[in-house]
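K.L.:
One predicted model, sequence on top.
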Amino acid sequence: MSIAFDELTPADVEEIARVHIQCWQESYAGLLPDEFLKNLSIDEKIAQWRQTVSDPLVFTRVARDARRIVGFVSCGAAREGAAKGADGEILAIYILKAYHGRRIGRSLMAAAARFWLSKGGRNLVVLSMAGNNQAAAFYKALGGLRVDEGSFEIAGTRIDDTGHLFNNLAELAALP
């Protein structure tokens, strides 16, 4: 089965919201409270993705298997405090667990790097939850350098995070 990659469209908003929630439930079990993950709001995610798809400064590429979204990456300018010296940020990258190990993440990261380079960007940072060892290993394997650590709060739980900075955008953009 072949994976196709294309840009997010307004018609994709409800589907990407559902995939986003499923990915959070798969990725963060044991890292976030079960009750929080169980009660993620599809309406809130749809609203979030409607805003994202209408923002010309945010790039979102989706991966499709037989027209079904199975993963995505979203990037744009680095949010304040994302990482010292970062000008771009991977705002989200998720792939359904059943599709891990198929090089989809590499392709999505390469697309984000190409986009950011086209905007004159120098680097990209991506933040991940401490304890999400699979994500950290993935970013390190692609050349991400571990940077600033911080924390934030979700559902009353303090979450530590770690950043990985990609200064090798040309190399990242060239990934197959």
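P.N.:
Perfect, I can see it now.
K.L.:
May I see the buried residues of the least confident helix or strand in the chain by mean pLDDT?
P.N.:
Here the helix or strand of the chain ranked lowest by mean pLDDT, DSSP states H and E is strand 145-154, holding a mean of 81. Neighbour-count burial for strand 145-154, with 16 or more other Cβ atoms under 10 Å as criterion, is recorded at Val147, Asp148. C-beta coordinates here come from the backbone N, C-alpha and C atoms, glycine included.
K.L.:
next helix or strand past it?
P.N.:
Using DSSP states H and E, the helix or strand that follows strand 145-154 in sequence is strand 157-166.
K.L.:
now the strands: where do they sit in the chain?
P.N.:
Along the chain, the segments classed as strands by DSSP state E run 3-7, 59-65, 68-77, 88-95, 124-129, 145-154, 157-166.
K.L.:
now the shortest one: how far from the chain's centre is it?
P.N.:
It refers to strand 3-7. 15 Å (Cα atoms, centre = their mean, to the nearest Å).
K.L.:
quick one on the thing from earlier: ranked by average pLDDT, which of the strands of the chain falls at the bottom?
P.N.:
Mean pLDDT is lowest for strand 145-154 among the strands of the chain, at a mean of 81.
K.L.:
Alright, calling it a day.
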